[in-house]
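S.K.: this one's sequence-less:
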């Protein structure tokens, strides 16, 4: 049996899949190497959402080649994930200077285990979910509940790489969640490319939430990501708020505030409809924190479009946002556009967006001072003696001080001040 080293890029889904692969390798008798230069196999789980993610992988493959040349001539390298699903990338990876030994898309990832055990198979590849996705820290776990995407937004390569949506059986999800809770995991995030389009027979996402609420026993926090506005409804809010273990922290990726740009993106939502949804959500669940994804610099974007985006921010008041500028992905409809926004303007608009959202986030955080919260301690605080970095159900960062505490504890506090984007508190 061999030693393996896994390096993961991209989203929490990739993290979960790498954790599950490591579990399967361990069960097969393989052992984890502490560093790449000690491995027999290096496995790179890749991301293709942006070109920068692919560029990092190519850079690392060059480093792994130097290990093969200077240290271990028998080293084998496998590339998995979204890059491996791209025909042009696979052809490039198998040739000089990389000479990767295996390129395995999502539906062939289990073949790596067979290759590492010198097993030969002629089975037709078919995607299947791992049954267990271990927690790296014993505190938090990522659990995929669906795979793929049916939306085909014009800027996004993921549907072409991960394929059509497949939902995991509800019973299997519940069994894995209970296993994590029984092992002491305190926070579990349900994952999917479009998690709220989950559909297992007659069971949709709100019904899954109710099923998990009834089936999974014990103290734990549940989160989920990422969700599309077109599939987000008030039945889901009713299901979430009926069980206090589901965090009032909602990730709904709207992407833009200009209806024209949303149409160009094929996002199937419009600003007024989204703002109305937000009003209804906050009326039903006032404590909910709303985060989103926002993109600037999509082809043809104008200053007028930017003003519509800023106006939406003023109206919605997101607690936080993941912000980035448009990155061309070959193979998508948007990649054929010639009305591109210059890089300098994209960078400027992104900085304007970041500045505006940070100011909104800071104002919202200040309004939390004086309120009581339950906080999950997730790590020691680097610059605070006897301090811990904690997280609230609304995903606010809080510094908690106390010699009596340990990572993984739930602590009841009162928020008393703010330092940057981090809250300070008194223990109750």
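M.R.: Nice, thanks for sending it over. Worth saying up front: this structure is predicted, and the values here are computed from it rather than measured.
S.K.: List the contacts of residue 169.
M.R.: Contacts for residue 169 (CB atoms under 8 Å, 6 or more residues apart in numbering) come out as residue 200. For glycine as for every other residue, the C-beta is placed from the backbone atoms N, C-alpha and C.
S.K.: Would you mind measuring from it to residue 213?
M.R.: Distance of residue 169 to residue 213, given as CB to CB, to the nearest Å: 17 Å.
S.K.: same thing with residue 13?
M.R.: Shown here: residue 13 relative to residue 213, a distance of 23 Å by CB to CB.
S.K.: same deal with residue 249?
M.R.: Distance, residue 249 to residue 213, by CB to CB: 17 Å.
S.K.: which of these two has more neighbours?
M.R.: residue 249 (24 against 17; other CB atoms under 10 Å).
S.K.: Now do the contacts for the residue nearest to that one when sequence neighbours are not counted.
M.R.: Of all residues not flanking residue 249 in the chain, residue 395 sits nearest, at 4.6 Å (CB to CB, 6 or more residues apart in numbering). Contact partners of residue 395, counting by CB under 8 Å, 6+ apart, are 223, 247, 249, 289, 291, 319-320.
S.K.: Next: residue 261.
M.R.: Here residue 261 is in contact with 298, 300-301, 305 (criterion: CB under 8 Å, 6+ apart).
S.K.: Report the mean confidence score over the helix or strand hosting it.
M.R.: For residue 261, the element it lies in under DSSP states H and E is helix 259-265. Across helix 259-265, pLDDT averages out at 98.
S.K.: hang on, the earlier thing: please produce a ChimeraX select command covering the buried subset of the contacts of residue 261.
M.R.: A single ChimeraX command selects the buried members of those (16 or more other CB atoms under 10 Å):
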select :298,301,305
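S.K.: helix/strand/coil for the residue nearest to residue 249?
M.R.: Following DSSP: H, G, I helix; E, B strand; the rest coil, residue 395 is assigned to coil.
S.K.: now do the one 5 residues further on
M.R.: Here residue 400 takes the strand state, with states given by three-state DSSP.
S.K.: wait, doesn't it sit right on residue 387?
M.R.: Yes. Counting by CB atoms under 8 Å, residue 387 is a contact partner of residue 400 at 6.8 Å.
S.K.: neighbour count winner among those two?
M.R.: residue 400 (23 against 17).
S.K.: OK, contacts around that one?
M.R.: Taking CB under 8 Å, 6+ apart as the contact definition, residue 400 lies against 375, 377, 387-388, 390, 411, 413, 425, 427.
S.K.: which one of those is nearest residue 243?
M.R.: Distance to residue 243 across those (CB to CB) is lowest for residue 375, with 19.3 Å.
S.K.: what about the closest one, distance to residue 221?
M.R.: 11 Å.
S.K.: Looks to me like residue 305 is in a strand.
M.R.: No. Residue 305 sits outside any strand when classified using three-state DSSP, being helix.
S.K.: Run a quick check on it versus residue 263, I expect a contact.
M.R.: No. Assessed by CB under 8 Å, residue 305 is found out of contact with residue 263, at 11.2 Å.
S.K.: how does this protein divide into domains?
M.R.: As given by automatic domain parsing, the domain ranges for the chain are 3-116, 140-367, 372-427.
S.K.: As CSV, the ones you listed with distance to residue 125 would be great.
M.R.: As requested, the domains of the chain are exported to CSV (distance: least, CB to CB, whole Å):
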stretch, distance to residue 125
domain 3-116, 4
domain 140-367, 11
domain 372-427, 37
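S.K.: Of these, which shows the lowest average pLDDT?
M.R.: Lowest mean pLDDT of these: domain 3-116, a mean of 91.
S.K.: just how off-centre is that domain within its chain?
M.R.: With CA atoms, centre = their mean, to the nearest Å as the basis, domain 3-116 stands 20 Å off its chain's centre.
S.K.: try stretch 275-284
M.R.: That offset, for stretch 275-284, works out to 24 Å (CA atoms, centre = their mean).
S.K.: Number the residues from 875 up from this point.
M.R.: Let's use 875 as the start, then, which means that last one is stretch 1149-1158.
S.K.: Touching it from outside, list them.
M.R.: For stretch 1149-1158, using CB under 8 Å, 6+ apart, the contacting residues are 1103, 1106, 1108, 1111-1112, 1115, 1124, 1162, 1164, 1186, 1189-1190.
S.K.: rerun at 7 Å
M.R.: 1103, 1106, 1108, 1111, 1162, 1164, 1186, 1189-1190 (CB atoms under 7 Å, 6 or more residues apart in numbering).
S.K.: which of these are buried?
M.R.: Counted by 16+ other CB under 10 Å, those give 1103, 1106, 1111, 1162, 1164, 1186, 1190 as buried.
S.K.: possible to save those as TSV with secondary structure and distance to residue 1236?
M.R.: Output for those, formatted as TSV (DSSP: H, G, I helix; E, B strand; the rest coil; distance: CB to CB, whole Å):
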residue	secondary structure	distance to residue 1236
1103	helix	25
1106	coil	26
1111	helix	26
1162	coil	19
1164	strand	16
1186	helix	19
1190	helix	16
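S.K.: Make sure residue 1265 is indeed in a strand.
M.R.: Yes. Under three-state DSSP, residue 1265 falls within a strand.
S.K.: quick one, what contacts it?
M.R.: Residue 1265 neighbours (CB under 7 Å, 6+ apart): 1249-1250, 1252, 1271.
S.K.: Please report how far it lies from residue 1075.
M.R.: 34 Å.
S.K.: One more: residue 1281?
M.R.: 39 Å.
S.K.: who has more neighbours, the two?
M.R.: When residue 1281 and residue 1075 are compared for neighbours, residue 1281 comes out ahead with 16 against 9, by other CB under 10 Å.
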